[in-house]
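>>> A predicted structure for the sequence below; I have some questions about it.
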Amino acid sequence: MSEIPGSPVVAVVGPTATGKSELGLALAERLGGEVVNADAMQLYRGMDIGTAKLSLEQRRGIAHHQLDVLEVREEASVAAYQRHARADIAAIGARGRIAVLVGGSGLYVRAALDRLDIPPTDRTVRARLEAELADVGIDVLRARLVALDPTAADAIEPRNGRRIVRALEVVELTGRPFSASLPAREHVRPTVVVGLVADRSLLDARVDERVRRMWRQGLVDEVRTLVTQGLRDGRTASKALGYSQALAHLDGTMTPAEAQEATATATRRYARRQESWFRADPRIVWLPHDARDLVDRALAAVGAAGRMRA
């Protein structure tokens, strides 16, 4: 185990298909650490192939937290994740070990690491706004958000109805802009964040191959099993990349080729949003995903952070 004085929490972030899980595992091995998942879809039990979740064997005996903690019919909650992930991080530290947070769900990463107060929710208000979204369309609701909170409207993808509804819900419940609840760039405990970067054309090719591999590995059969466990009722899980397209295939509205292409297209778009989200954070130490000495360079970043605080 590498001894690094005053070792901080370590996080590994970046776009999908850059190798975050592998680097996180290697760092946990070298630092004597435990992994805390920060991929929203890997919270779900049984969603393995489509989320590229490491198998028990692939984890090489390293403890992983915040994996397989939700049923597919349950809705993921950033507030609940924040409570549980921070409790895991604190417990890992209390055991004298290093917490290695790994994932590409930007808001979940920041909920675990940054000062962030999660605003309240109200199912009645949410249901009314969702019904309005279905009735009048996303453009009407987005125009309302632009008028009420232009900062939030600018930060949310224009076609992301779920987040637009959430922003309007917060404005209605709190009387404050949703953007006022966005996380501050201030870690709640000493932290070093390593980001993995890849050339965009290479990343696109990796995404395409990952999608084809998931189908070869049995994604459709996985989804078929999850349907019996309530996947169609899951507000979050049923919308996951790969899973919604596999459901469309099972429903007969997409051929296998169409479902795979739709998944790859959506995943490439998601990877670009991840790049934009993480690139805006000046605290991240960026490393090339394919560097031969990647682990050593990541460890050097962790060591440098520890020395700065010593």
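Cool, got the structure. Numbering: from 1, shown residues only.
>>> run through the protein and note the low-pLDDT ranges.
Residues of the chain meeting the criterion pLDDT under 70: 1-7, 183, 305-310.
>>> middle-most residue in this protein, spatially?
In the chain, the residue lying closest to the centroid (Cα atoms, centre = their mean) is Ser105, at 1.8 Å.
>>> touching, that one and Asp39? I think so.
Yes: the pair Ser105 / Asp39 is scored as a contact, 5.5 Å apart, by Cβ atoms under 8 Å. C-beta coordinates here come from the backbone N, C-alpha and C atoms, glycine included.
>>> so what's the residue count around Asp117?
10 (other Cβ atoms under 10 Å).
>>> so it, which of the three states?
coil (DSSP: H, G, I helix; E, B strand; the rest coil).
>>> which residue is the nearest non-sequential neighbour of it?
Distance criterion Cβ to Cβ, 6 or more residues apart in numbering; nearest residue to Asp117, sequence neighbours excluded, is Ser181 at 6.3 Å.
>>> which residues are in contact with that neighbour?
By Cβ atoms under 8 Å, 6 or more residues apart in numbering, the residues touching Ser181 are Leu116, Asp117, Ile118, Pro119, Val170, Thr174.
>>> if we only consider those residues, which is nearest to Ala11?
The shortest approach to Ala11 among the contacts of Ser181 belongs to Leu116, at 14.4 Å (Cβ to Cβ).
>>> buried ones from the contacts of Ser181, can you make that a PyMOL selection?
Those of the contacts of Ser181 that count as buried under 16 or more other Cβ atoms under 10 Å are selected in PyMOL with:
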select buried, resi 116+118+119+170
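>>> now the lengthiest helix in the chain, how far from the centre of its chain.
In the chain, assigned by DSSP state H, the helix with the most residues is helix 256-279. Distance of helix 256-279 from the chain centroid (Cα atoms, centre = their mean, to the nearest Å) equals 13 Å.
>>> and that helix, C-alpha only, in CSV?
Provided in CSV are the C-alpha atoms of helix 256-279 (Å, rounded to 0.1, in the frame of the first residue of the first chain):
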residue,chain,number,x,y,z
PRO,A,256,-31.9,-4.8,-32.8
ALA,A,257,-29.8,-2.7,-35.2
GLU,A,258,-32.0,0.4,-34.6
ALA,A,259,-31.9,-0.1,-30.8
GLN,A,260,-28.1,-0.4,-30.8
GLU,A,261,-27.6,2.7,-33.0
ALA,A,262,-30.1,4.7,-30.9
THR,A,263,-28.2,3.6,-27.8
ALA,A,264,-24.8,4.6,-29.3
THR,A,265,-26.1,7.9,-30.5
ALA,A,266,-27.6,8.8,-27.1
THR,A,267,-24.5,7.6,-25.3
ARG,A,268,-22.2,9.8,-27.4
ARG,A,269,-24.5,12.7,-26.7
TYR,A,270,-24.4,11.9,-23.0
ALA,A,271,-20.5,11.7,-23.1
ARG,A,272,-20.4,15.2,-24.5
ARG,A,273,-22.6,16.5,-21.7
GLN,A,274,-20.3,14.8,-19.2
GLU,A,275,-17.3,16.4,-20.8
SER,A,276,-19.0,19.8,-20.5
TRP,A,277,-20.0,19.3,-16.9
PHE,A,278,-16.6,18.1,-15.6
ARG,A,279,-14.5,20.5,-17.8
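>>> quick check: buried residues in that helix?
Counting neighbours by 16+ other Cβ under 10 Å, one finds that the buried residues in helix 256-279 are 259-260, 262-264, 266-268, 270-271, 274-275, 277-278.
>>> let's have those residues in TSV, adding distance to Glu209.
Shown next, in TSV, are the buried residues of helix 256-279 (distance: Cβ to Cβ, whole Å):
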residue	distance to Glu209
Ala259	16
Gln260	11
Ala262	16
Thr263	12
Ala264	9
Ala266	16
Thr267	11
Arg268	12
Tyr270	16
Ala271	13
Gln274	18
Glu275	19
Trp277	24
Phe278	22
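>>> closest to Asp88 out of the residues you listed?
For those, the nearest to Asp88 is Phe278 (21.7 Å; Cβ to Cβ).
>>> from memory that closest one sits against Gly195, does it?
Yes: with contact defined as Cβ under 8 Å, Phe278 counts as touching Gly195 (5.5 Å).
>>> between these two, what contacts are shared?
Counting by Cβ under 8 Å, 6+ apart, the residues touching both Phe278 and Gly195 are Val13, Gly14, Ile284.
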